[in-house]
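Trainee: sequence below, structure please.
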Amino acid sequence: CKVQSDSMKQDHTKLLIRGITPNRYFHTSRENYRLELFSGDGSLNSAPSNTDYFTLFGLEKSFVVDTIALAKEYKQLQRQLHPDRFTLKSDEEKQNSELWSALVNDGYNNLLKPLPRALYLLELVGRPLEEGDITVESPFLMEMMELNEELLEAD
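Mentor: Numbers count the residues shown, from 1 in each chain. Here you go, the predicted structure:
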């Protein structure tokens, strides 16, 4: 067991007074998963470049998302990672905090609403939806036009 320095103990006490539990690990709703936010000495690790938003929030990769759980995880992450908490830390930790915070914000915004979530899922499986990517065969288009004309005539 490592002995904590006096400054680390003071930081820990200040966080507890403010109602924030400083975790070395961020525990998600999945028991077998944990994302290491802080190193053993208490400094903020850099954000991994390959982390997807579902993993970041501890969610299954699915279109169906519990938005209440998502919001709870978002708030917990921001309590630990927000740049305001790192104003007196090293430049490296400040930069890491900004990167983490941006990643958390982007992830939350992408997963909160169905359309961005669907587009993100398509991107994850290697099938991003982009304008101009959809090709439709001429016979199908002709059939759709004929059906639309029939509907207009029926009114």
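Trainee: most centrally placed residue in this protein?
Mentor: The central residue of the chain, meaning the one whose C-alpha is nearest the mean C-alpha position (Cα atoms, centre = their mean), is residue 107 at 2.8 Å.
Trainee: mind telling me what element that one is part of?
Mentor: helix 91-112 (DSSP states H and E).
Trainee: could you pull out the buried residues of that helix?
Mentor: Within helix 91-112, the residues that qualify as buried by neighbour count (16 or more other Cβ atoms under 10 Å) are 93-97, 99-101, 103-104, 107-108, 110-111. For every residue, glycine as well, the C-beta is placed using N, CA and C.
Trainee: ok, so of these, who is nearest residue 52?
Mentor: The shortest gap between residue 52 and any of the buried residues of helix 91-112 belongs to residue 107, at 8.3 Å (Cβ to Cβ).
Trainee: can you count the residues close to residue 62?
Mentor: Taking other Cβ atoms under 10 Å as the criterion, the count of residues near residue 62 is 9.
Trainee: how about low-confidence regions in this protein?
Mentor: Applying pLDDT under 70 to the chain flags residues 1-35, 133-134.
Trainee: helices of that one, start to end?
Mentor: In order along the chain, the chain carries the following helices (DSSP state H): 6-17, 53-56, 67-81, 91-112, 114-124, 138-154.
Trainee: would CSV of those helices with distance to residue 41 be doable?
Mentor: Converted to CSV, these look like this (distance: least, Cβ to Cβ, whole Å):
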stretch, distance to residue 41
helix 6-17, 8
helix 53-56, 23
helix 67-81, 16
helix 91-112, 11
helix 114-124, 34
helix 138-154, 62
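Trainee: nearest to residue 47, out of the ones you listed?
Mentor: helix 91-112 (4.6 Å).
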